[in-house]
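A.B. asks: heads up, no residue letters with this:
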């Protein structure tokens, strides 16, 4: 059985490891895929590269680290919380389907 309108993928003859991976993925209820900024830009999210970017490259390099939570937890959560709110309020485009 596939997901939604998608047919079940058959990888017979392509190798047991690849087939096992496909079986695992097809058995999942959900799948989280992390992609680069280009996918978000197509949905209307800005990046530090844009002239009207949501953040600077320096902010990203400083705050998008685990250590930023140890250094200043309030500043780290303020930045990550704002990003999360922005991501949650943006509708994904068809490339995410």
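C.D. replies: Structure's in. What do you need? Since this is a predicted model, take the numbers as computed values, not measurements.

A.B. asks: so which helix or strand of the protein has the lowest pLDDT on average?
C.D. replies: Across the helices and strands of the chain, the lowest-confidence element by mean pLDDT, DSSP states H and E is helix 37-41, at a mean of 75.

A.B. asks: poorly predicted segments of this protein, please.
C.D. replies: Residues of the chain that meet the criterion pLDDT under 70 lie in 1-14, 37, 48-54, 97.

A.B. asks: repeat the analysis, applying 90 as the threshold.
C.D. replies: 1-65, 79-97 (pLDDT under 90).

A.B. asks: that one: helices as residue ranges?
C.D. replies: Secondary structure of the chain (DSSP state H): helices located at 16-26, 37-41, 57-63, 67-71, 73-88.

A.B. asks: and the second one, how far from the chain's centre?
C.D. replies: Yep, that's helix 37-41 we're talking about. Centre-to-centre, helix 37-41 and its host chain are 9 Å apart (Cα atoms, centre = their mean, to the nearest Å).

A.B. asks: buried sites along that helix?
C.D. replies: Residues residue 40 are the ones in helix 37-41 that count as buried (16 or more other Cβ atoms under 10 Å). Bear in mind the C-beta positions are built from the backbone N, C-alpha and C, glycine included.

A.B. asks: check which helices and strands that helix is in contact with.
C.D. replies: Taking 3 or more Cβ pairs under 8 Å, 6 or more residues apart in numbering; DSSP states H and E as contact, there are no helices or strands that helix 37-41 lies on.

A.B. asks: same check on the longest one?
C.D. replies: In terms of contacts (3+ Cβ pairs under 8 Å, 6+ apart), helix 73-88 is packed against helix 57-63, helix 67-71.

A.B. asks: let me see the contact set for the residue nearest the centre of the chain.
C.D. replies: Geometric centre of the chain, nearest residue: residue 34, 3.1 Å, by Cα atoms, centre = their mean. Applying Cβ atoms under 8 Å, 6 or more residues apart in numbering to residue 34 gives no contacts.

A.B. asks: residue 76: how many residues sit nearby?
C.D. replies: 19 (other Cβ atoms under 10 Å).

A.B. asks: ok, which of the helices and strands packed on helix 73-88 comes nearest residue 81?
C.D. replies: Ranking the helices and strands packed on helix 73-88 by proximity to residue 81 (Cβ to Cβ) places helix 57-63 first, at 11.2 Å.
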